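1. need a 3D model of the following:
(one chain, ligands or ions: 1)
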Amino acid sequence: MSQIDELPPLRDVIERHGLQALKSLGQNFLLDLNLTSKIARTAGPLAGKTVVEIGPGPGGLTRAILANGAEKVFVVERDRRAIAALEEIGAHYAGRLTIIEGDALEVDTASLGDDAPIIIANLPYNIATPLLTRWLSPTSWPPRWTSMVLMFQKEVADRITAQPGDDAYGRLGVLCGWRSYATQMFDISPKAFVPPPKVTSTVVHFAPRPMLYPCEQADLEAVTAAAFGQRRKMLRQSLKALNVDPIALCEAVGIEPTDRAEVVPVKGFVDLANTWKAMRGD
Ligand code: SAM
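-> Just a heads-up that it's a prediction; the model follows:
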């Protein structure tokens, strides 16, 4: 392994700080700094940039982000045991690393720092989807983050990037397609992690999408919840949950009432959301 910094190997850091992985915190650590560098570089040149990282753990990805030139790095870590290890990284890269001990679900992570951040994370699997949904749902658009490089279980990555007609296409794919350009970059074998998880992981790059199809996000979510809540049913049946005439709703936007949710593109759901709002008249 080529050196990316003069800090000790991650195995030594884990040993010295008693950082044996806890399942309850979704801990699967990456110890290969060449691999964490590859992930960091997926975000593009980091020199002079602000980066927010969720769940740094022993700091393998944090070190790669700093070694690749990020000017300011904010990390949010819930595991108190990791803080001393992260402080050693902060001392090596003086003035560039800010460590926040806490629950990423309780911190306004995208607001950290003076400059709009890139978000990079090997996410704990149990909060990965809630965090992503939050970053895609700020009160105003475009969001504050400029891009995101996030690692998910492959099955979740497939739902994020799914297109109409794919088995994995559903509510998450519509939200991600509405708000972002999401691209699967590469897979990571379970063998790269300590301990190895049961499934393959995938690194996904997100860029914010200009708001070409405006609608109220709550309406879009209600429409996709109804449509995919009964995904094997035709829309004329599943959209009854919206308490308007589902056939009139579909016909108003030029969608076949006999279609199923899985074939409707993002723009179709936006049209349904806007027309549903107009039909409700509130
Ligand atoms: N970034 C490290 C790496 O790539 O080796 C660790 C990744 S590990 C999959 C997930 C990390 O998220 C762990 O360090 C865990 O303690 C942390 N974590 C879990 N739940 C968290 C939460 N609610 N808020 C912040 N960090 C959390």
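2. which bits of the stretch 1-150 of the chain sit near the ligand?
-> Taking Cβ under 6 Å from any ligand atom as the measure of proximity, the stretch 1-150 of the chain contacts the ligand at 25-30, 54-57, 60-61, 76-79, 82, 103-105, 122, 124, 127. C-betas here are computed from N, CA, C, even on glycine.
3. just those residues: which are in strands?
-> Residues of those located in strands (DSSP state E): F29, L30, I54, V76, E77, N122.
4. what two of those have the greatest distance between them?
-> L30 and V76 (17.5 Å; Cβ to Cβ).
5. what is the top helix by length along the chain packed up against?
-> Assignment by DSSP state H gives helix 266-280 as the longest helix of the chain. Here helix 266-280 touches helix 171-179, helix 217-229, helix 246-252, going by 3 or more Cβ pairs under 8 Å, 6 or more residues apart in numbering; DSSP states H and E.
6. which one is Q20 nearest to, not counting chain neighbours?
-> I14 (7.2 Å; Cβ to Cβ, 6 or more residues apart in numbering).
7. residues of stretch 186-204 that come out buried?
-> I188, A192, F193, V194, P197, S201, T202, V203, V204 (16 or more other Cβ atoms under 10 Å).
8. please read the previous query as pertaining to stretch 202-214.
-> Of all the residues in stretch 202-214, those buried under the rule 16+ other Cβ under 10 Å are T202, V203, V204, H205, F206, P208, R209, Y213.
9. with pLDDT as extra columns, can I get the residues you listed in TSV?
-> Below are the buried residues of stretch 202-214 laid out as TSV (pLDDT from 0 to 100):
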residue	pLDDT
T202	98
V203	98
V204	98
H205	98
F206	98
P208	98
R209	97
Y213	96
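10. smallest gap between the stretch 1-150 of the chain and the ligand, at which residue?
-> Nearest to the ligand in the stretch 1-150 of the chain, going by Cβ to the nearest ligand atom, is G55, at a distance of 2.1 Å.
11. what's that residue in contact with, if anything?
-> G26, V76, E77, R78, A104, A121, N122, L123, P124 (Cβ atoms under 8 Å, 6 or more residues apart in numbering).
12. mind putting those into a markdown table with distance to A278, neighbour count and pLDDT?
-> Listed next are these as a markdown table, based on distance: Cβ to Cβ, whole Å; neighbours: other Cβ atoms under 10 Å; pLDDT from 0 to 100:
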| residue | distance to A278 | neighbour count | pLDDT |
| --- | --- | --- | --- |
| G26 | 43 | 18 | 95 |
| V76 | 41 | 22 | 98 |
| E77 | 46 | 25 | 98 |
| R78 | 44 | 19 | 98 |
| A104 | 38 | 22 | 98 |
| A121 | 39 | 25 | 98 |
| N122 | 43 | 28 | 98 |
| L123 | 38 | 22 | 96 |
| P124 | 41 | 19 | 93 |
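13. and L30, how many neighbours?
-> Counted by other Cβ atoms under 10 Å, the residues lying close to L30 total 21.
14. so what's it closest to, chain neighbours aside?
-> That would be G60: by Cβ to Cβ, 6+ apart, it lies 4.8 Å from L30.
15. was I right about the one you found contacting N34?
-> No - G60 lies out of contact with N34 (Cβ atoms under 8 Å); the separation is 10.4 Å.
16. of these two, which one has the most company?
-> G60 (24 against 11).
17. residues contacting the more buried one?
-> Contacts for G60 (Cβ under 8 Å, 6+ apart) come out as L10, F29, L30, L31, D32, L33, T36.
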